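Engineer: Quick one, structure for this:
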Amino acid sequence: MELSMPESGRKATSGHITTSPVTGSDTPAAPRSDPAPAGRDTTPGSGDPATPAGGGATPTGGPAARRTGLLVTLVLGGLTALPPLSMDMYLPALPEVTGALSAPATTIQLTLTACLAGMALGQLVVGPMSDKWGRRRPLLIGMIVYVLATAFCALAPTAGLLIGFRLLQGLAGAAGIVIARAVVRDLYDGVEMARFFSTLMLISGVAPVVAPLIGGQILRITDWRGVFHVLTVIGILLTVVVWRFLGETLPADRRHEGGVGQALRTMKGLLGDRVFTGYTLTGGLAFAALFAYISASPFVVQEIYGASPQTFSLLFGLNSIGLVAVGQINGKLLVGRVSLDKVLGVGLGVILLAAFALYLMTSGVFGDLGLVPIAAGLFVLMSAMGLAMPNTNAQALMRTPHAAGSASALLGTTSFLVGAVASPLVGIAGEQTAVPMAVVQLSCAALALAAFLGLCRPWQANRTKTGL
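Structural biologist: Reported below is the predicted structural model:
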């Protein structure tokens with residue numbers, strides 16, 4: 001069978017690989033079935049991604065319309081929004097939690113690290129499970145556990161228990177992240193996949209815009225525990241929507257047999273691909289620079305510069321709007337016209353320059369500048385993530401059509417583990433300086449660019465790959 005992607009100019013045939021003139025990247029020559037062949041059973045969970053579990057007509061039209069309807073796209077966007085919802089709605093409450101639980105800021109920041117580490121490790125488990133048992137069943141189990149863990153967070157009496165429940169919340173929430181990416185890989189290839197990731201960024205990007213705003217408003221009428229009550233309700237609603245409307249996208253004939261050993265061998269093969277590993281590290285390190293901002297900004301903006309929780313929420317929302325807007329420029333204007341590697345390189349370069357500027361400003365080279373210049377530097381850094389994150393995901397997943405769940409797990413695990421390491425480092429010098437945040441961002445941005453250039457080697461136009 002030959003699968004042709006007209007917009008990317010790539011054809012994948014068994015045993016032969018050609019290089020895309022658009023992406024500048026070779027992809028594994030592993031043929032895959034059409035996501036929705038004629039005659040497939042479309043009963044709930046049967047494997048038709050375009051038909052909701054509760055029924056409905058399969059969309060027709062262009063490639064994207066043929067594969068997913070608007071509702072399924074919104075469901076996938078909701079699943080990818082779980083991490084920013086779980087993290088960002090809680091951010092304005094961090095200073096309050098330190099007082100309520102009588103714990104230092106460094107300890108309370110571990111509640112972010114625990115959730116992030118849980119999401120990282122959970123993806124390593126759920127990704128291979130979804131390759132073996134399909135996407136739907138592991139996703140529903142993960143969502144149910146997520147709801148329970150979030151409810152326990154609202155009841156936690158000590159910082160230690162809150163950290164433990166946040167770890168469980170992250171482990172369960174990982175199902176939504178990893179399976180959403182795997183579903184996209186089931187349905188799309190080439191530049192269409194990059195476009196769809198940008199579309200998901202638009203949907204899921206609403207979460208970091210509204211989440212801290214919602215969190216700030218919740219704190220006006222209740223305490224930090226109310227944030228977790230709201231997250232519990234959101235988790236319940238999303239679980240119901242997934243059960244009702246998201247069908248199975250991985251048919252039985254494309255699933256993998258075998259247990260843990262087979263999953264480890266698959267991941268070893270993926271990591272043996274230098275280019276895949278390069279994109280994975282690039283995306284993970286870029287995400288760590290972003291997460292350094294997420295974990296440090298509540299204290300930088302509110303404690304160092306004296307802003308209110310509502311002002312912090314507004315600034316955080318503006319930065320998220322910048323990320324979403326640049327992501328849409330990437331998906332609507334650049335993808336298909338400019339090499340994904342070129343766009344990715346520009347994004348990494350801007351992130352590096354913004355991080356360097358933040359380091360100069362926070363270290364006092366220009367004197368005491370106040371909040372506005374710092375906020376501007378963070379806005380540029382966050383916006384450039386809209387060029388980096390969707391393209392690293394697309395470039396990596398285009399190489400792995402036969403193991404999308406495992407590949408998605410490695411992508412997510414790397415990002416969240418590196419982010420979990422970066423989180424406590426930003427508070428290493430206490431709550432009265434923003435220099436550690438800038439140093440962590442600068443280091444991660446430099447390492448991301450080094451991984452991209454050293455492992456992906458985008459200037460090599462005719463890269464070949466022998467298989468995993």
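Engineer: can you give me the strands in the stretch 1-150 of the chain?
Structural biologist: Along the stretch 1-150 of the chain, the stretches classed as strands by DSSP state E, counting those that start in this stretch are 3-5, 10-12.
Engineer: Kindly apply the preceding question to the stretch 251-400 of the chain instead.
Structural biologist: Going by DSSP E, counting those that start in this stretch, the stretch 251-400 of the chain shows no strands.
Engineer: what ranges do the helices span in it?
Structural biologist: Here the stretch 251-400 of the chain has its helices, by DSSP state H, counting those that start in this stretch, at 260-271, 274-299, 309-329, 340-362, 371-397.
Engineer: Any idea which of those has the lowest pLDDT on average?
Structural biologist: With a mean of 78, helix 260-271 has the lowest mean pLDDT of these.
Engineer: Would you mind pulling up the elements that that helix packs against?
Structural biologist: Secondary-structure packing of helix 260-271 (3 or more CB pairs under 8 Å, 6 or more residues apart in numbering; DSSP states H and E): helix 105-133, helix 274-299, helix 404-425. Placement of C-beta: from N, CA and C, glycine included.
Engineer: contact partners of stretch 224-232?
Structural biologist: Stretch 224-232 is contacted from outside by 85-86, 89-90, 93, 96-97, 100, 147, 150-151, 153-155, 214-215, 218-219, using CB atoms under 8 Å, 6 or more residues apart in numbering.
Engineer: Out of those, list just those in helices.
Structural biologist: Counting by DSSP state H, the contacts of stretch 224-232 place 85-86, 96-97, 100, 147, 150-151, 153-155, 214-215, 218-219 in helices.
Engineer: Specify which member of the residues you listed is nearest to Gln123.
Structural biologist: For the ones in helices among the contacts of stretch 224-232, the closest approach to Gln123 (CB to CB) belongs to Ser86, at 14.1 Å.
Engineer: shaky segments in the chain?
Structural biologist: 1-68, 201-202, 204-205, 208-209, 257-260, 401, 429-431, 461-468 (pLDDT under 70).
Engineer: What's the ChimeraX syntax to select whichever of the contacts of stretch 224-232 are buried?
Structural biologist: To isolate the buried members of these in ChimeraX, using 16 or more other CB atoms under 10 Å:
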select :85,86,89,90,93,97,147,150,151,153,154,214,215,218,219
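Engineer: sorry, back to before: of all the helices of the stretch 251-400 of the chain, which lies closest to Lys132?
Structural biologist: Of the helices of the stretch 251-400 of the chain, the one closest to Lys132 (CB to CB) turns out to be helix 260-271, at 7.8 Å.
Engineer: any idea how far that closest one is from the chain center?
Structural biologist: Relative to its chain's centre, helix 260-271 lies at 22 Å (CA atoms, centre = their mean, to the nearest Å).
Engineer: and it, which residues are buried?
Structural biologist: Neighbour counts over helix 260-271 (16+ other CB under 10 Å) mark Ala263, Thr266, Met267, Gly269, Leu270 as buried.
Engineer: what angle do it and helix 274-299 make?
Structural biologist: Comparing the axes of helix 260-271 and helix 274-299 via axes from the mean of the first three to the mean of the last three CA atoms, to 10 degrees yields an angle of 90 degrees.
Engineer: Name the residues that touch helix 260-271?
Structural biologist: Residues contacting helix 260-271 (CB under 8 Å, 6+ apart): 124, 128, 131-132, 256, 276-277, 400, 403, 406-407, 409-410, 468.
Engineer: Give the full set of residues in contact with Met193.
Structural biologist: Counted by CB under 8 Å, 6+ apart, Met193 has contacts Val184, Arg185, Ala394, Leu397, Met398.
Engineer: wait, Phe452
Structural biologist: The contact partners of Phe452, by CB under 8 Å, 6+ apart, come to Gly278, Tyr279, Thr282, Leu344, Gly345, Leu348, Pro458.
Engineer: 7 Å - rerun?
Structural biologist: By CB atoms under 7 Å, 6 or more residues apart in numbering, the contact list for Phe452 reads Gly278, Thr282, Leu344, Gly345, Leu348.
Engineer: any idea how far the third one lies from Val275?
Structural biologist: What that stands for is Leu344. Distance, Leu344 to Val275, using CB to CB, to the nearest Å: 13 Å.
Engineer: between these two, who's got more neighbours?
Structural biologist: More neighbours surround Leu344 than the other of Leu344 and Val275, with 30 against 20 (other CB atoms under 10 Å).
Engineer: Roughly how far does the residue of the chain positioned farthest from its centre sit from Leu250?
Structural biologist: Distance from the centre of the chain peaks at Gly367, with 36.0 Å (CA atoms, centre = their mean). Per CB to CB, Gly367 is found 57 Å from Leu250.
Engineer: picking up where we left off before, can you redo the contacts of Phe452 as a markdown table with distance to Leu334?
Structural biologist: Compiled in a markdown table, these are given as follows (distance: CB to CB, whole Å):
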| residue | distance to Leu334 |
| --- | --- |
| Gly278 | 21 |
| Thr282 | 18 |
| Leu344 | 10 |
| Gly345 | 12 |
| Leu348 | 15 |
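Engineer: wait, which of the helices and strands packed on helix 260-271 is closest to Leu449?
Structural biologist: Shortest distance between Leu449 and the helices and strands packed on helix 260-271, using CB to CB, is found for helix 274-299: 7.9 Å.
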